[in-house]
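# when you get a sec, could you give me coordinates for this:
(one chain, ligands or ions: 2)
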Amino acid sequence: MAPGSIQAPVEPGLETAESTRGSGGGEGRIRCPKCGWSPRREDRWMCSCRHVWNTFDTGGVCPACLKQWTETCCLACHKWSPHSDWYPKDQAR
Ligand SMILES: [Zn+2]
Ligand SMILES: [Zn+2]
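Ligands and ions are numbered 1, 2, ... in the order given. Next comes the predicted model:
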């Protein structure tokens, strides 16, 4: 954006990982098997008991009522998929 003096401040202790680059390229990340949307840490799901939490923090278990959600609704495409399908599977590389 700003040509001329390019001095990108390097955060100490932060390695420039090429795998984590802003948007897209979420290999090995949790994502919706239907549309490919990746949930973030701050995304929240609501249980039938009205508790709100990040379902991937607990593997689909509501920490309030301990209900096991075998399917997870995508916040982007609003489709339900088996919780295990959200996790990356071993793929031949
Ligand atoms: Zn609950
Ligand atoms: Zn989706």
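# what's the end-to-end length of stretch 62-69?
The first and last residues of stretch 62-69 sit 8 Å apart, counting by Cα to Cα, to the nearest Å.
# and if you look at stretch 68-85?
Stretch 68-85 end-to-end distance (Cα to Cα) = 15 Å.
# what is the burial count for the closest residue to K34 other than its chain neighbours?
The spatially closest residue to K34, leaving aside those adjacent along the chain, is K79, at 4.7 Å (Cβ to Cβ, 6 or more residues apart in numbering). Using the backbone N, CA and C atoms, a C-beta is placed for each residue, glycine as well. Residues contacting K79 under the criterion other Cβ atoms under 10 Å number 13.
# wait, what's in contact with K79?
Neighbour list for K79: 32, 34-35, 73 [criterion: Cβ atoms under 8 Å, 6 or more residues apart in numbering].
# and it, how far is that from A64?
K79 sits 24 Å away from A64, going by Cβ to Cβ, to the nearest Å.
# what's next to stretch 31-41, contact-wise?
So stretch 31-41 is in contact with 26, 29-30, 54, 56, 74-77, 79, 81-82, 85-86, 88, going by Cβ under 8 Å, 6+ apart.
# with that, I have no additional questions.
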